[in-house]
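> coords please:
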Amino acid sequence: MDGTAKGRRLVALAETECWRLLATRPWGHLAVVVADQPDLFAVDHRVDDRTLLIRTEEGAKLRATSGARIAFLVDEIDEVAREGWTVLVAGYAEEVFDLHRLDVDDLDEPLWTGDRVHWLRIVPFKVTGRRLVPHVT
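The predicted structure follows:
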């Protein structure tokens, strides 16, 4: 058994399709290690030239991500149709200090509350994705 619902199968996505899908969702989940324990944060993001930009505030997430290996997940699932996709980015996080080099609109409001004045760039070393589709025989 492949772990999918009967009549469904998982299809690997090309990296270009993964980047296209990443750009369609305003938020995802950032996985980091905080105090030797895995943690997961919902964050808003933007695609910027095959990297990801994440706005955040001071705190554990910012301290834990700088220079660290991370994982970032975005997905979309239609529970009624039982179809969807998931994209996983594995990479390194670095804080962006030269904000003038970012191609972002400072007037855009972050999705989350708080003083989100810090930017992280996720530089990927692996981008993978899969789509759950009907099985056609």
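> quick one: mean pLDDT for the host helix or strand of residue 87?
Here residue 87, judged by DSSP states H and E, is contained in strand 83-96. For strand 83-96, mean pLDDT rounds to 92.
> got the contact list for residue 8?
Residue 8 sits next to 82, 83, 132, 133, 134, 135 when contact means CB atoms under 8 Å, 6 or more residues apart in numbering. C-beta: built from backbone N, CA, C; applies to glycine.
> who does the strand holding residue 87 touch, helix- and strand-wise?
Counting contacts by 3 or more CB pairs under 8 Å, 6 or more residues apart in numbering; DSSP states H and E, strand 83-96 packs against helix 15-22, strand 52-56, helix 60-65, strand 69-78, strand 118-134.
> let me see the mean pLDDT of stretch 122-137.
88.
> before we move on, the earlier item: got the contacts of residue 8 as a markdown table, with distance to residue 41 columns?
Formatted as a markdown table, those follow (distance: CB to CB, whole Å):
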| residue | distance to residue 41 |
| --- | --- |
| 82 | 28 |
| 83 | 27 |
| 132 | 25 |
| 133 | 30 |
| 134 | 33 |
| 135 | 35 |
